[in-house]
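[1] sequence first, predicted model second:
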Amino acid sequence: MLNQISCKKVLLYKYKFIPVKEGRATINEIIAEKRNLPIKEAKLKRLLRPSEVIEFLKRYDLYSSESHLV
């Protein structure tokens, strides 16, 4: 599952029930934290690391440790 999500657009499309503005803000905040970047720079990053996707899913209670093993 995680290997299918490579960019912000795909992540937000996959979880359509999360409001786009809120989802963008959350993923940009996660990118800034994980990569030690200012938020303005994080907004310009398109590709996501698996750890960032996992953190996003955890914040919305959509991640279980077994779910990515299937």
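    Perfect, I can see it now.
[2] pLDDT below threshold where in this structure?
    Counting by pLDDT under 70, the ranges of the chain that qualify are 1-3, 65-70.
[3] in it, which spans are helices?
    Remark: helices assigned in the chain by DSSP state H are 8-14, 20-35, 39-42, 50-59.
[4] out of the ones you listed, deepest packed?
    Stretch with highest mean neighbour count among the helices of the chain: helix 50-59 (a mean of 17; mean count of other CB atoms under 10 Å). Where C-beta positions appear, they are placed from N, C-alpha and C, glycine not excepted.
[5] skipping adjacent residues, who's closest to Lys14 in space?
    In space, and not counting its chain neighbours, Lys14 is closest to Ile5: 6.4 Å by CB to CB, 6 or more residues apart in numbering.
[6] oh, that last question was meant for Arg35, not what I typed.
    Excluding the flanking residues, the one nearest Arg35 by CB to CB, 6+ apart is Ala42, at 7.0 Å.
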